[in-house]
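Student: Provide a 3D model corresponding to the input given below.
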Amino acid sequence: MADDSGDFSGLKVMVIDDSKTIRRTAENLLKKEGCEVVTAVDGFEALSKIAEHKPNIIFVDIMMPRLDGYQTCALIKNNRMFKDTPVIMLSSKDSIFDRARGRIVGSEQYLTKPFTKEDLIGAIKDYT
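Tutor: The predicted structure is shown next:
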């Protein structure tokens, strides 16, 4: 079943978060599932890596310096090559306003931190 390790082998996942702990946690969880993981510390780094790695799904933190998650998502969705790539917003805030704003910029889903392995895997199953 889907819980078996390696079920997502070959799937490229990008995790964009300025928190090293969050990046490492997500990377470890996803690698155990067989995903190939690319991380970025902010939107600027992410945008250059997206073109290079072409991830199947992107998890992006909302609160980041320089380019926040909403701006990053909007830039991804406005790019012809990546507009169909699912973007999942990550935030420690859980308000209707934040969720609505995420939808406006084109994100597929909104996960509240701390997320679980089930949250990440569920989003991947739903959108890839």
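Student: list the residues that contact Ile22.
Tutor: Val15, Asp61, Leu90, Lys113 (CB atoms under 8 Å, 6 or more residues apart in numbering). No exception for glycine: its C-beta is placed from N, CA and C like everyone else's.
Student: what separates it from His53, distance-wise?
Tutor: 19 Å (CB to CB, to the nearest Å).
Student: next secondary structure after the longest helix anywhere in the chain?
Tutor: For the chain, the helix with the greatest residue count under DSSP state H is helix 20-32. Following helix 20-32 in sequence order, the next helix or strand is strand 36-40 (DSSP states H and E).
Student: tell me the angle that following strand makes with helix 20-32.
Tutor: 170 degrees (axes from the mean of the first three to the mean of the last three CA atoms, to 10 degrees).
Student: when you give positions from now on, start the count at 5
Tutor: Yes, from this point I'll number from 5; that puts the last item at strand 40-44.
Student: for the protein, what helix or strand is lowest in average pLDDT?
Tutor: helix 100-108 (a mean of 92; mean pLDDT, DSSP states H and E).
Student: buried set for the helix or strand that that one is followed by?
Tutor: Downstream of helix 100-108, the first helix or strand assigned by DSSP H and E is strand 113-116. Across strand 113-116, burial judged by 16 or more other CB atoms under 10 Å covers Gln113, Tyr114, Leu115.
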